[in-house]
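Undergrad: Turn this into a model:
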Amino acid sequence: MFDFVYRKKRVVQIIIALITLPFAFFGVDYYFRGSGSATEIARVAGDPISQTDFANAMHDQQDRMRQSLGKDYDPAVFDNPEVRYSMLEQLIGQRVLDAQVRRGNLRVSDAQLAQFIGELPPFQDDGKFSRTRYEQLLNSQNMTPLAFEQRVRQELTLAPLQEPISSGNILAMSNVERYLGLLDQQRQVAVATVAADAFLKDVKIDDAAVKAFYDANQSAFQIPDEVKIEYLALTPESLIGQIKVEPAEVKKQYDDNVRQYTKAEERQASHILIAVKADASDADKAAAKQKAEALAVQARKTPAKFAELAKQNSQDPGSAGQGGDLGSIARDGSMVKPFEDAVFSGKQGDIVGPVQTDFGWHIIRITGVTPGKTQTFDEARGQIELDLKRQKSTRKFVEAADQFQNLVYEQADSLQAAAKGLNLELKTTPMLTRSQVQALAQNNAKFVQAVFSAESLQAKRNTEALEVAPNTLMAARVIEYKPPTTRPFDDVKVEIRRQLERTAASELAQKAGKEKLALLEQGKDAGMSFGKPVNLTRNQAQPGFPPDALIKIFQVNASKLPAYVAAPTERGTFSIYKVLQVIAPPAPDPERLKAFNSRVGDQVGHELFNAYLASLKSKADVKINQANLDKK
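TA: Take a look at the predicted model:
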């Protein structure tokens, strides 16, 4: 079983992602997770899913989204009942798979687990597993080896269930080619418009209609409420100034990690590639080698014209246009070994090759050499001190976060105690709207809700300490509140009249446009002037063609052209689209077809596995406690 799993990249990708996410991935609330309630949310074949299980899964998903979305992350999305139910469905699926693993008696031995982990690149030093590196990396991610190994064992155990089904994605290449053809198909279209402005002269809006609109839409004319707040922010960075680092500690860090402060030699190089396909005939291979040798002779005769030779002859599309320039190259395995060895075999100005790799034959010009350099202790001292302070401030933050929460809660009528106790700067804002408060809190919606809650506004009590971003806690207190007000009618009546006039003119334009469309569909002259035809692609947006219009254009029956469709635009204009021609795309490039086949195949494999999982769920004894699921 292990050999089967080990060949698969999916498990490796999952595990590498787990250990390479930055420390902030976990978020401060990771440290405040208690044991939680053991109340069951669901039971799968007798196996309970507790509220603690569910809360931990939710936290992990929040962490992933926070890491992925950054400032666009909104924690409020997890209050949605559909999201909570979807999360529970994932947990149920996991338990169903676990039960299937037990039935199949699938196991991963300690030796197999050790082999798998030992060959993961992040844990290797000079190509060999390093126990020290392993423990340091896991520790930096706040993971214990035991927890990590349990996760890896679980992924490896599930792989024999997942991989065969997910890989059952064989698709007929002709179907994929047809699908690509539809995606790349173009349609030639000309556009005529019926503008709303032309009907403004026919529109009359009386004062009563303006006042009625104002009375019916008071909320549209509100000036939003505002607050003036004082606030504290606790982050590892806010604690750095309180951290002391001993000189001996700095020196030890340098001595123990000299390699970290060594910059390896780098080379700048250009190349000319004469490509050779893997399945090329012996004659083609010989011809490519002969051409490469001739180019090498020519390059050595006139080195100054190397870039010109590369532009004319190189078959590397990524560098040929730049005269073969590849930029800086280090001995880090980013280039295939024969090429890398060749780059580092000569001196600046040398032309090396031809050198053979899996891609073909390369003629290489070494254009620059940047020698390696090890920073002296004095040169590295400042950065080492800062790095050590950051490490210590992160650990101190975990301790300070608990104290911060307690002080904010226990002395709820002031933030002074928390500011003094943790040596933090208490900041005061001008009057801010809700959106400005959210921007202050790194786009955290819960912070806005806390600031504008009744307790904050009326009692002027501190908000709770909220995690607004990874390793960032904030608390605030409202100093002044200005409730929302409605703009007076006299201030907005001109805007309302203009809006009603444009709406009415747009309705008249649409009515006229639909009448003209009906005439065109009957083959009659509608007096429309169509613009210059343009070519549209199904899967590419184009200015002037709203998504609704594109859908209609590509739904037109291609056997009956010209054909007409219409759609209103955002500005009230009514557009009529005359479809003149369908342009079939050329046959897709084999490489693109292959890549697309793989992408669609992956999606099909995903759907197949979802169907398998749904089948397992339908046969399992699953009971959901909706009341406990709804608890926050």
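Undergrad: Pretty sure Ala330 is one of the things Gln268 touches, is it not?
TA: No - in this structure, Gln268 is not within contact of Ala330 by Cβ atoms under 8 Å, at 10.9 Å. Heads up, the C-betas are built off the backbone N, CA and C, glycines and all.
Undergrad: Pretty sure Gly513 sits against Val194.
TA: Yes - contact status for Gly513 versus Val194: in contact at 4.0 Å, counting by Cβ under 8 Å.
Undergrad: Flag every buried residue along whatever helix or strand Leu500 lives in.
TA: Taking DSSP states H and E as the definition, one finds Leu500 inside helix 489-521. Judged by neighbour count using 16 or more other Cβ atoms under 10 Å, the buried positions of helix 489-521 are 492, 496-497, 500-502, 504-510, 512-513, 516-517, 520.
Undergrad: just stretch 121-128 next, same as before
TA: In terms of neighbour count (16+ other Cβ under 10 Å), stretch 121-128 has its buried residues at Phe123.
Undergrad: Using CSV, write down the CA coordinates of it.
TA: Once side chains and other backbone atoms are set aside, the C-alpha atoms of stretch 121-128 remain, and they are given as CSV (Å, rounded to 0.1, in the frame of the first residue of the first chain):
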residue,chain,number,x,y,z
PRO,A,121,12.6,18.1,1.1
PRO,A,122,11.8,20.6,3.9
PHE,A,123,13.3,18.3,6.5
GLN,A,124,16.5,17.5,4.6
ASP,A,125,19.9,19.0,5.0
ASP,A,126,22.4,18.3,2.1
GLY,A,127,19.9,15.7,0.8
LYS,A,128,19.6,13.8,4.1
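Undergrad: nearest residue to Thr370 other than its sequence neighbours?
TA: Among residues not flanking Thr370 along the chain, Glu266 sits closest, at 4.5 Å (Cβ to Cβ, 6 or more residues apart in numbering).
Undergrad: re earlier: got any residues that touch both of Gly513 and Val194?
TA: Counting by Cβ atoms under 8 Å, 6 or more residues apart in numbering, the shared contacts of Gly513 and Val194 are Phe574, Ser575, Ile576.
Undergrad: List only those of those flagged as buried.
TA: Among those, the ones that count as buried by 16+ other Cβ under 10 Å are Phe574, Ser575, Ile576.
Undergrad: And these, which is closest to Glu246?
TA: The nearest member of those to Glu246, counting by Cβ to Cβ, is Ser575 at 73.1 Å.
Undergrad: Double-check that the closest one belongs to a strand.
TA: Yes - applying DSSP: H, G, I helix; E, B strand; the rest coil, one finds Ser575 inside a strand.
Undergrad: does it have beta-bridge partners, and which?
TA: As for beta bridges, Ser575 partners with Thr193, Ala567 under DSSP bridges.
Undergrad: so Pro224 sits right up against Gln436, yeah?
TA: No - taking contact to mean Cβ under 8 Å, the distance of 9.6 Å between Pro224 and Gln436 leaves them out of contact.
Undergrad: what about the two, which has more around it?
TA: More crowded of Pro224 and Gln436, by other Cβ atoms under 10 Å: Gln436, with 16 against 12.
Undergrad: any low-confidence regions in the stretch 451-600 of the chain?
TA: By pLDDT under 70, the stretch 451-600 of the chain contains no weakly predicted segment.
Undergrad: which residues in it form strands?
TA: For the stretch 451-600 of the chain, the strands defined by DSSP state E, counting those that start in this stretch occupy 466-469, 472-482, 485-486, 534-537, 563-568, 574-583.
Undergrad: Which among these is found nearest to Ala419?
TA: Using Cβ to Cβ as the measure, strand 472-482 is the one of these that comes nearest Ala419, at 10.0 Å.
Undergrad: At which residues are the strands of the stretch 1-150 of the chain located?
TA: Remark: strands of the stretch 1-150 of the chain, listed N- to C-terminal, are 40-44, 47-50, 124-125, 128-129; assignment by DSSP E, counting those that start in this stretch.
Undergrad: tell me the mean pLDDT over the second one?
TA: Strand 47-50 shows a mean pLDDT of 84.
Undergrad: Enumerate the positions of that strand that are buried.
TA: Neighbour-count burial for strand 47-50, counted by 16+ other Cβ under 10 Å, picks out Ile49, Ser50.
Undergrad: CA atoms of it as CSV?
TA: Extracted in CSV, the C-alpha atoms of strand 47-50 (Å, rounded to 0.1, in the frame of the first residue of the first chain):
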residue,chain,number,x,y,z
ASP,A,47,-18.6,7.7,16.2
PRO,A,48,-19.4,11.1,17.8
ILE,A,49,-18.5,14.5,16.4
SER,A,50,-18.3,16.9,19.4
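Undergrad: Direction included, what does that strand pair up with?
TA: For strand 47-50, the pairing partners within the sheet under DSSP bridges are strand 40-44 (antiparallel).
Undergrad: which residues touch the partner strand?
TA: The contact list for strand 40-44 (Cβ under 8 Å, 6+ apart) reads 48-51, 53-54, 88, 91-92, 95-96, 99, 620-625, 628-629.
Undergrad: Inside helices: which ones of those?
TA: Secondary structure of those is defined by DSSP state H; positions in helices are Gln51, Asp53, Phe54, Leu88, Leu91, Ile92, Arg95, Val96, Ala99, Asn628, Leu629.
Undergrad: Show me how to select, in PyMOL, the buried members of the residues you listed.
TA: What follows is the PyMOL syntax selecting those of those that are buried according to 16+ other Cβ under 10 Å:
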select buried, resi 51+53+54+88+91+92+95+96+99+628+629
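Undergrad: Pipe the ones in helices among the contacts of strand 40-44 into CSV and attach distance to Lys228 per row.
TA: As requested, the ones in helices among the contacts of strand 40-44 are arranged in CSV below (distance: Cβ to Cβ, whole Å):
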residue, distance to Lys228
Gln51, 39
Asp53, 43
Phe54, 39
Leu88, 42
Leu91, 44
Ile92, 48
Arg95, 50
Val96, 53
Ala99, 57
Asn628, 41
Leu629, 40
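Undergrad: Pick the one among the ones in helices among the contacts of strand 40-44 closest to Thr367.
TA: Lowest distance from Thr367 to the ones in helices among the contacts of strand 40-44 (Cβ to Cβ) belongs to Leu91, with 56.4 Å.
Undergrad: so what's that closest one up against?
TA: Contact criterion Cβ under 8 Å, 6+ apart gives Ala42, Ile49, Asp53, Phe54, Ala57 as the residues in contact with Leu91.
Undergrad: now these as JSON lines including distance to Ala283?
TA: What follows is the contacts of Leu91, written out as JSON lines (distance: Cβ to Cβ, whole Å):
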{"residue": "Ala42", "distance to Ala283": "67"}
{"residue": "Ile49", "distance to Ala283": "65"}
{"residue": "Asp53", "distance to Ala283": "65"}
{"residue": "Phe54", "distance to Ala283": "66"}
{"residue": "Ala57", "distance to Ala283": "60"}
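Undergrad: If we only consider those residues, which is nearest to Asn462?
TA: For Asn462, the closest of the contacts of Leu91 turns out to be Phe54, at 29.6 Å, with distances computed as Cβ to Cβ.
Undergrad: is it true that that closest one touches Glu89?
TA: No - under the contact definition of Cβ under 8 Å, Phe54 does not touch Glu89, with a separation of 11.4 Å.
Undergrad: Now do the strands in the stretch 201-350 of the chain.
TA: Along the stretch 201-350 of the chain, the stretches classed as strands by DSSP E, counting those that start in this stretch are 222-223, 226-234, 262-263, 266-275, 325-330.
Undergrad: and those, which one is worst for confidence?
TA: Ranked by mean pLDDT, these end with strand 262-263 at the bottom, a mean of 80.
Undergrad: and that strand, what other elements does it pack with?
TA: If you count contacts as 3 or more Cβ pairs under 8 Å, 6 or more residues apart in numbering; DSSP states H and E, strand 262-263 packs onto strand 373-374.
Undergrad: So for whichever helix or strand comes after the strand it packs on, what gets flagged as buried?
TA: For strand 373-374, the following helix or strand on the C-terminal side (DSSP H and E) is helix 377-410. Residues of helix 377-410 classed as buried by neighbour count (16+ other Cβ under 10 Å): 380-381, 384-385, 388-389, 391-394, 396-397, 400-401, 404-405, 407-408.
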